[in-house]
Every structure is written in structure tokens, then in C-alpha cells.
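A.B. asks: predicted model follows, preceded by the sequence.
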Amino acid sequence: MCSPRPPASRRLRGFTIIELMVTVAVIAVLAAIAAPSFNPLIERWRVRQITEELQSTLYFARSEAIKRGGGITIDATGGWDQGWKVTHTQAGDLQFFTAPSKVVLTQNNSKPKIFVDRWGMLSEINGGAATAMNFLLYPTDKNDNDHNAIRLCVSSGGRILQKSAGAACPS
């Protein structure tokens, strides 16, 4: 013979509203405790992102200049920390980048434009000799010695080297 069925009230088990509210409150407290520890991680990610975008822009501009026979300009007229665009004298705008918020980006010579000749050499003067330059990126409200700071060292030949914590470029 079959055993008798349990009453309906015993079969329907679940969470009460009180148990659910306590669980949500505990999760909220744990999240509030953990949230500040994510700030350095987010700052590092922002600096890394803009560094990668700037580095890819330099590579893109060099390859386009070689392909198109020169006439490429990286233009950051509003300031490097406001974003930049890659333009060609005949084709117009080729690429746009908007810098993320809360990142300071400066160039060592504060020049708003970089020109790329037909050999892929970078200069700060249109038609000028190739020059080495560097960019410093760090989180807003921090300084250039912060552990999240990155310096991009660009040689006159276009070689790009990343230095952490804002270390100086090799001479």
C-alpha cells in the first residue's frame, strides 16, 4: 500500500518575506563594504584603456601615412585629455577617440598636433624632423607617480614603450 500524502501546507515550502528581506540586507551590507576596494581597479582600467587607444592611434596613423604617402595628422586641438582625431589632408577624418573621464593625459611638449610623414616618422612640426615624445596618463586627483600612472615613450622612429608608475623614458 502507498503511504499517505503529506498535507498541502507541508508540501509548499519556500522563503518568507522576512527571510528574503534579511538576505537582501546582508548582501547590501557586504556590497557596501566591498565597493571602495574596486576604485583602484577601476582607475587602473581607465588609464589602461586610454593608453591602449592612444597606442593604437599612433600605430594606425603610421600605417595610414605609409599607405597614403604621408599627410596624416593626429589632432588633439581641444587638449589630449579631451580626445583626438586622425585626419588625412585629402581624405579628411579617418578616426575619432573620446578620452574617458577621470583620466589626465598630457604630452611632454604640450603640442596639440602630431604629424606623420610618408615613412611613418612622427614629428611635432609639419614637415619637420622626426622627434621623440612621451605621454603621461594617470587618474584624476592623483599625480604622475601614482602606481596606476603610465608613460608612453614614443621614439623618433615610432617605437612605443610603456613605463609604469610614470617612470621616465629612456634617453
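C.D. replies: On my side now, so go ahead.

A.B. asks: hmm, Asp146 is touching Ala167, no?
C.D. replies: No - counting by Cβ atoms under 8 Å, Asp146 stays clear of Ala167, with 11.8 Å between them. To be clear about C-beta, it is placed using only N, CA and C from the backbone, and glycine gets the same treatment.

A.B. asks: compare those two (neighbour count), which wins?
C.D. replies: Higher neighbour count among Asp146 and Ala167: Asp146, with 17 against 14, using other Cβ atoms under 10 Å.

A.B. asks: ok, that one to Ser101 distance?
C.D. replies: 17 Å (Cβ to Cβ, to the nearest Å).

A.B. asks: list the contacts of the spatially most central residue of the chain.
C.D. replies: Closest to where the C-alpha atoms of the chain average out (Cα atoms, centre = their mean) is Gln49, at 1.9 Å. Residues in contact with Gln49 (Cβ atoms under 8 Å, 6 or more residues apart in numbering) are Pro100.

A.B. asks: specify the local secondary structure of it.
C.D. replies: At Gln49 the chain is in helix, as set by DSSP: H, G, I helix; E, B strand; the rest coil.

A.B. asks: again, but for the one 10 residues further on
C.D. replies: Under the three-state scheme (three-state DSSP), the conformation of Tyr59 reads as helix.

A.B. asks: from Ile74, how far out is it?
C.D. replies: Tyr59 is 11 Å from Ile74, by Cβ to Cβ.

A.B. asks: now do Ile17
C.D. replies: The value you get for Ile17 to Ile74, if Cβ to Cβ is used, is 59 Å.
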